[in-house]
Structure formats: structure tokens, C-alpha cells
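Participant: Any chance you could fold what I've pasted below:
(one chain, ligands or ions: 2)
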Amino acid sequence: MNLDVQGMLKAIDAIGTTLEAHKDYLTDLDSAIGDADHGINMNRGFTKVREKVSQGTYGDLGAILKDVAMTLMSSVGGASGPLYGTFFMRMSMKLAGLQAADASSLAAAMEEGLKGIVALGKAQLEDKTMVDALSPAVEALKKAAGTGASLTEALEAAVLAAQAGMESTVPLVARKGRASYLGKRSVGHQDPGATSTYLILSTLLMSLKEVA
Ligand code: ADP
Ligand code: MG
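Facilitator: Ligands and ions are numbered 1, 2, ... in the order given. Down below sits the predicted model:
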């Protein structure tokens, strides 16, 4: 089962529902090592995204993700708005003109999105950011796609990698973003952005499986 325009719209709606349901959880994580707004930011952003894409008619995946990106950039303050905005914008460029994505095209698009996040935020692995969840997820997606896995199989591998990456942020000292101001006091807490990345990817997978 590939990800087509209808599937993408459904997944975005599902991501909005997940982020709304986990708003307090993400904000609690951010209250430990940040400024207690990550859940609020992500929920605000995806509420606007849902409004925006429900009004549009879309012929290809790139156009949907471009609207997602622009909406996040304009509605989410804080570090995560521009970072996720860039992620979806770079993905939209890779998926422009495509009516459906298989494992390889999604892997290529997400890899491009990750590059955008790194170019903007300059975070490396183990800096305790969303990159710690996204980077292993992209690697797993690419690897699975390279062995001919279906999109669902490849995303299953990516979600497991994202979960492990998210959990790996707990013992790390934050070196980027607000959490870095805490230095060693950031140890022992899971990174909010790595957590929202995991939630986004796992909801994409769940949504895709429901269609199948
Ligand atoms: P803010 O930190 O401005 O309040 P949010 O709370 O919405 O923004 O987002 C915080 C998350 O953003 C962090 O948990 C981290 O994952 C991510 N983040 C912050 N700075 C960077 C960066 N330079 N590169 C990648 N991710 C980052
Ligand atoms: Mg914050």
C-alpha cells in the first residue's frame, strides 16, 4: 500500500488528533527541560494545518506538504515551528508532482527533510533533539526501502528506530535549543521534540495500516 493523496490527507488529520491527545504530555516533557510549550505549539500548528488542508483540493503529495510547511512556519512560534516547517517544505519539494509515495520515495523525501532540519538547527546526533529520533528513522526507512520492503514494512522499521532514538535522549546532556541552557540538569528527561517526531511517524504508520 503506497501513500496517495487521500492517504496523506488522512494521515495529517490523524497526526493532528494524536498531537491534540498528547498535548499535555509533550508540554510536561518541555516543562522539565524547556519552557513548557511544546505540546501547545504542536497542537496549535496542527490545528491550523488541519483547517488549511481541509479547505484545499490537492492533485499531488508535494502540494499538501507545502501547505503543511507554510502553515507550521506561520503558526508555531518557538524552535519547533521553523524546524518542522523546513522538514515538511523539503519533503514537499521531493514529492512535488507525485500522486503516491512508495518506501523509496518516502525515504528520499524524509532524508531531504532531515537535511533541512540539520541545515537550520545544526544539531548532531546525541545533542538531545528531534534529530535523535528522526535520523535513525530515516536510516531504517532507507535500509528497508533498499531491500524492497513495502511502505508499511519500511515505516514499521522506521517507527521502531524513532522510538529507540527518542528513548536514547533520556540520559543525554542537551547541546541545542533551550534545554541546552540547563547543561547537565537536562539529563534524565526525554526530549520533547524527539517525542513529537516519534508520535508523528507512528501515527503516519497507524493511519496507513488502517487504509490497507
Ligand atoms: P522552544 O524550544 O523554542 O520552546 P519547542 O518547545 O516547541 O520550542 O520545541 C523544543 C524542541 O525543539 C526540542 O525538544 C528539540 O527537540 C527541538 N530543537 C530545539 N532546538 C533544535 C535544534 N537546533 N535542532 C533540532 N531540534 C531542535
Ligand atoms: Mg518549548
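Participant: pLDDT (mean, whole number) over the host helix or strand of Ala145?
Facilitator: If you go by DSSP states H and E, Ala145 is part of helix 131-146. Averaged across helix 131-146, pLDDT comes to 98.
Participant: residue contacts, Gly77?
Facilitator: Counting by CB atoms under 8 Å, 6 or more residues apart in numbering, Gly77 touches Asn41. Backbone N, C-alpha and C define where each C-beta goes, glycine included.
Participant: got a pLDDT number for it?
Facilitator: Reported pLDDT for Gly77: 84.
Participant: mind checking the SS state of it?
Facilitator: Here Gly77 is coil, with the state taken from DSSP: H, G, I helix; E, B strand; the rest coil.
Participant: where's it relative to Val118, distance?
Facilitator: Counting by CB to CB, to the nearest Å, the separation of Gly77 from Val118 is 21 Å.
Participant: Could you do Ala154 as well?
Facilitator: 21 Å.
Participant: C-terminal to the helix holding Ala145, what's the next element?
Facilitator: That would be, after helix 131-146 and using DSSP H and E, helix 151-168.
Participant: ok, residues contacting that next one?
Facilitator: 1-3, 101-103, 106-107, 126, 132-141, 143-145, 149, 190-191, 194-195, 197-198, 201-202, 204-205, 208-209, 212.
Participant: residues near the residue in the chain positioned nearest to ligand 2, how many?
Facilitator: Proximity of the chain to ligand 2 (CB to the ion) peaks at Gly34, 3.9 Å away. When neighbours are counted by other CB atoms under 10 Å, Gly34 registers 24.
Participant: Repeat that for Met73.
Facilitator: Met73, neighbours per other CB under 10 Å, totals 17.
Participant: Equivalent analysis for the one 3 residues further on, please.
Facilitator: Summarising burial for Val76: neighbours were counted as other CB under 10 Å, giving 25.
Participant: mind checking how far it is from Gly146?
Facilitator: Val76 is 34 Å from Gly146, by CB to CB.
Participant: ok, back up a step: generate the PyMOL command that creates a selection of the buried members of the contacts of helix 151-168.
Facilitator: A single PyMOL command selects the buried members of the contacts of helix 151-168 (16 or more other CB atoms under 10 Å):
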select buried, resi 2+3+101+102+103+106+107+132+133+134+135+136+137+138+139+140+141+144+145+149+190+191+194+195+197+198+201+202+204+205+208
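Participant: Leu204 and Ala11 touch, don't they?
Facilitator: Yes. Counting by CB atoms under 8 Å, Leu204 does reach Ala11; the two are 5.0 Å apart.
Participant: pLDDT at the closest residue to ligand 1 within the chain, what is it?
Facilitator: Closest residue of the chain to ligand 1, CB to the nearest ligand atom: Gly193 (2.0 Å). Model confidence at Gly193, given as pLDDT, is 98.
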